[in-house]
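Trainee: Coordinates only, no sequence provided:
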């Protein structure tokens with residue numbers, strides 16, 4: 001009897017504990033269900049973007065590659081081929097590390113079948129283009145007063161040649177369709193393009209209906225081209241072949257065009273044709289190089305043999321409202337000098353590597369050209385000779 005009571009007691013205790021266990025489970029479940037489950041924040045809410053954002057690229061620019069007969073004869077290998085690198089080997093280290101590198105191909109690459117030629121109607125070998133691209137140049141202006149030196153045939157050869165290179169060219173085309181093609185490149189999230197015009201043609205005009213062969217400047221044409229591209233790129237560059245030869249002071253035409261292009265929202269204007277250096281200037285937010293002189297030539301006179309490599313940083317700023325702007329900083333000018341003797345042994349020297357044996361009184365010349373470049377803006381950094 002006692003044994004049965006013990007068994008009943010144990011069964012009762014077990015049942016009671018089991019009921020309490022069920023009640024606690026149900027209570028816990030109701031509690032959990034009654035709680036508001038916190039929402040998992042979306043990824044966009046977790047990561048808040050910081051503004052403004054900045055993107056940067058570097059650029060270097062120089063003036064005219066003007067190949068007189070003495071220059072290409074000096075580069076001749078004697079077998080119909082040419083090697084210009086020996087003339088420019090000291091420049092290569094100054095170019096290779098820049099994202100964008102610009103120059104003006106003053107003497108057209110018109111094809112050897114037309115015959116190489118010199119002043120007044122030039123024709124240069126392919127190898128000069130090969131060399132410049134090999135140095136690191138990837139932006140080339142083709143609009144100048146020598147574009148039509150070998151007539152339409154020369155232009156067609158030139159445009160075909162440059163299409164074989166991974167470079168951005170402007171100013172000379174093989175058809176209307178070619179001229180109207182939108183050419184936009186991108187570096188470090190900065191979209192950029194190049195337009196190129198000449199105000200002079202040495203009296204050589206393209207055939208009627210083929211004005212695409214060379215871009216002759218007019219306000220109307222520039223406005224139409226710029227408006228077509230302005231909202232598609234961050235950086236809009238215009239190359240201008242303008243001004244008067246051998247003068248260090250920009251003409252009224254140059255300043256008028258520069259102000260007009262600035263009013264249209266052009267970011268950078270690169271000038272050439274005077275064959276000597278002219279000042280660097282800001283017009284509002286537009287950076288203007290009025291003339292970068294000769295990169296290489298066989299012209300006579302120190303002022304015509306002195307050019308410049310201008311380097312700078314390009315910064316794109318994006319704001320929270322997605323508006324953006326372009327600015328320039330750290331503008332540096334490395335003066336260069338083309339040395340030759342008896343129309344041979346051409347070599348382009350950075351001024352920083354000159355001595356009195358290469359250019360007598362080079363310090364005096366440095367002071368002169370530094371003053372010219374900085375005439376409108378004393379923040380420009382010019383090569384130190386110390």
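Mentor: Happy to help now that I have it. Computed from a prediction, not measured in an experiment: that's the story for all the values here.
Trainee: going forward, measure contacts between C-alpha atoms and count neighbours the same way
Mentor: Fine.
Trainee: for this structure, which spans come out with low pLDDT?
Mentor: Of all residues in the chain, those with pLDDT under 70 make up the ranges 1-47.
Trainee: contacting residues for the residue nearest in space to the middle of it?
Mentor: The centre of the chain sits closest to residue 100, judged by C-alpha atoms, centre = their mean, with a distance of 3.8 Å. Contact partners of residue 100, counting by C-alpha atoms under 8 Å, 6 or more residues apart in numbering, are 57-60, 137-139.
Trainee: Scan the residues you listed and report the most crowded one.
Mentor: The most crowded member of those is residue 137, carrying 26 neighbours; neighbours defined as other C-alpha atoms under 10 Å.
Trainee: is it true that it touches residue 95?
Mentor: Yes. Applying C-alpha atoms under 8 Å, one finds residue 137 in contact with residue 95, separated by 7.4 Å.
Trainee: Overlap of the contact sets of those two?
Mentor: The contact sets of residue 137 and residue 95 overlap at residue 101 (C-alpha under 8 Å, 6+ apart).
Trainee: nearest to residue 182, of the contacts of residue 100?
Mentor: Ranked by distance to residue 182 (C-alpha to C-alpha), these are led by residue 139 at 15.1 Å.
Trainee: roughly how far apart are the closest one and residue 118?
Mentor: In this structure, residue 139 and residue 118 are 24 Å apart, going by C-alpha to C-alpha, to the nearest Å.
Trainee: Going along the chain, name the strands of the stretch 101-250 of the chain.
Mentor: Listed in chain order, the strands of the stretch 101-250 of the chain (DSSP state E, counting those that start in this stretch) span 139-141, 168-170, 185-187, 190-198, 235-241.
Trainee: wait, which of those strands is closest to residue 320?
Mentor: Distances from residue 320 to each of the strands of the stretch 101-250 of the chain were compared by C-alpha to C-alpha, and the smallest falls on strand 190-198, at 17.2 Å.
Trainee: Tell me which other helices or strands that closest one touches.
Mentor: Using 3 or more C-alpha pairs under 8 Å, 6 or more residues apart in numbering; DSSP states H and E as the contact test, the elements touching strand 190-198 are strand 53-65, strand 168-170, strand 185-187, strand 235-241.
Trainee: For residue 68, grab the count of nearby residues.
Mentor: 22.
Trainee: ok, and the closest non-adjacent residue to it?
Mentor: Distances taken as C-alpha to C-alpha, 6 or more residues apart in numbering put residue 118 closest to residue 68, at 5.0 Å, once the chain neighbours are dropped.
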